[in-house]
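> Sequence first, then the predicted structure, then my questions.
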Amino acid sequence: MPTSTESSASELLRKVPPAVRPTVQAARRTVRAVAPKAKEIAYRSQPPRSSRSMWKLLRYAIDDLYVVAIGTFPDHVSVFFPRGRELDDGSGLLEGGGKEFRFITLRSPADASRPAVKRMVRKAFTLGRGSSRGEKR
């Protein structure tokens, strides 16, 4: 029997535009493969009014610490990291220049399965697990 979080995530994913839904699903599979014990939390959101705004869909937490999230635009998907500035990115995948957040742009389902994307998601969860154990943040 699906939990309420799983069913709300499924309901939310049904509302995602068909053009980006496969990429969102691929990103979700990647995060779940890297961190199967992470808690998946569906955002309680509606599609944005502007095509330039991201629609936040899902976030993933370890010990209630928010580690990775998935959002979508009309033509691509973003996997974003609240502690992205702290991630070591030798791949050049991380984008953004804000105070903390960084993101990876996925334009197709194949992008989500790239080894470099999996590595960045894994690094984010390693960083998150360290924080959840009381290590210095």
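That came through, no problem. Residues are numbered from 1 along each chain as shown.

> going forward, measure contacts and count neighbours with C-alpha atoms only.
OK.

> Any regions of this protein where pLDDT drops low?
For the chain, the stretches with pLDDT under 70 are 1-7, 131-137.

> Repeat the analysis, applying 50 as the threshold.
Residue ranges of the chain with pLDDT under 50: 1-4, 133-137.

> which residues in it form helices?
Secondary structure of the chain (DSSP state H): helices at 4-15, 21-34, 109-112, 115-132.

> mind checking which of those is nearest Tyr66?
Among the helices of the chain, the nearest to Tyr66 by CA to CA is helix 115-132 (7.8 Å).

> gap between the closest one and the chain center?
Relative to the centre of its chain, helix 115-132 is centred 11 Å away, using CA atoms, centre = their mean, to the nearest Å.

> OK, contacts around Leu13?
For Leu13, the contacting residues are 21, 57, by CA atoms under 8 Å, 6 or more residues apart in numbering.

> I'd like the numbering to begin with 68 instead of 1 from here.
Renumbered: residue one is now 68, and that last one reads Leu80.

> ok, Arg116 to Arg88 distance?
Look at Arg116 and Arg88: by CA to CA, to the nearest Å, they are 18 Å apart.

> Settle it for me: which of the two has more neighbours?
Arg88 (19 against 9; other CA atoms under 10 Å).

> Skipping adjacent residues, who's closest to that one in space?
Spatial nearest neighbour of Arg88, excluding adjacent residues (CA to CA, 6 or more residues apart in numbering): Leu80 at 7.2 Å.

> Many thanks, I have nothing further to ask.
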